[in-house]
Every structure is written in structure tokens, then in C-alpha cells.
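A.B. asks: Any chance you could fold what I've pasted below:
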Amino acid sequence: MAIQLPPEIEASIYQQVERGRFPDATGVVREAMRLLAEHEHQLDDVRAKILVGVEEAERGETDEWTPELRDRLRREALEMVQRGEVPDTDVWP
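C.D. replies: Residues are numbered from 1 along each chain as shown. The predicted structure is shown next:
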């Protein structure tokens, strides 16, 4: 497949090769495609979680977001970290 790339994209690809990060332009494109697929997978996950949240909200299964709730969730997450547990990344940055 032959494609025409804008000059700035082509230059960026060759810079990556010149820096020694990739053996050739194909390696750069391959990694870009892998990252794109990973990004799309992450977006699909986020969309699915948003849909779950919308459905829960429509059923009235929500908690009011208050400063007290935020503080409690933060405390619980910090306690988990102190115990060596990993909090759910959906609720802990």
C-alpha cells in the first residue's frame, strides 16, 4: 500500500528513525497503529462505563456528589494504598 503523507508527518517519522527509536519507517508506523488500537480500546471501555452510569442514573441508582462523599471516597482510597491495595482507577486518579 502506498500512501501520501504530509511533509510534517513524514519528517516526524524519519526523526524517530534517526533518533534510533525504530529501525525504519515501518516500525514507526507499526507502533503508531498499535497505540491507535490501544487508544480506541480505552475509548470503548470509557464509553461502556458511561453507558452503565447513564443506565444506573435512569434507574435512580446514584449518590449525590457531596463534599462529604468525596472526602469519604478519598479517605477509603488512601487507606487502601496504605494497606498496599490498588484503588479502582475509575474512581482514583
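A.B. asks: Measure how buried residue 13 is and give me the count.
C.D. replies: When neighbours are counted by other Cβ atoms under 10 Å, residue 13 registers 19. C-beta coordinates here come from the backbone N, C-alpha and C atoms, glycine included.
A.B. asks: name the element residue 4 belongs to?
C.D. replies: Here residue 4, judged by DSSP states H and E, is contained in no helix and no strand.
A.B. asks: buried stuff in the longest helix belonging to the chain?
C.D. replies: Among the elements of type helix in the chain, defined by DSSP state H, the one spanning the most residues is helix 25-58. Going by neighbour count (16 or more other Cβ atoms under 10 Å), the buried part of helix 25-58 is residue 28.
A.B. asks: Ok, stretch 63-83 next?
C.D. replies: Those buried within stretch 63-83 under the rule 16+ other Cβ under 10 Å are residue 77.
A.B. asks: for the record, mean pLDDT for it?
C.D. replies: Stretch 63-83 carries an average pLDDT of 90.
A.B. asks: and residue 51, how far is that from residue 40?
C.D. replies: For residue 51, the distance to residue 40 under the criterion Cβ to Cβ, to the nearest Å works out to 16 Å.
A.B. asks: so where's the protein shaky on pLDDT?
C.D. replies: Within the chain, the set of residues satisfying pLDDT under 70 comprises 91-93.
A.B. asks: Tell me which residue lies nearest the centroid of it.
C.D. replies: Averaging the C-alpha coordinates of the chain gives a centre point, and the residue nearest to it by Cα atoms, centre = their mean is residue 42 (5.2 Å).
A.B. asks: what's near enough to touch that residue?
C.D. replies: By Cβ atoms under 8 Å, 6 or more residues apart in numbering, residue 42 lies in contact with nothing.
A.B. asks: I'd like the numbering to begin with 18 instead of 1 from here.
C.D. replies: With the count now opening at 18, the last piece we talked about shows up as residue 59.
A.B. asks: Now do the same contact list for residue 76.
C.D. replies: Residues in contact with residue 76, defined by Cβ under 8 Å, 6+ apart, are absent; none qualify.
A.B. asks: Sorry, slip of the keys, the one I care about is residue 41.
C.D. replies: For residue 41, the contacting residues are residue 34, taking Cβ under 8 Å, 6+ apart as the criterion.
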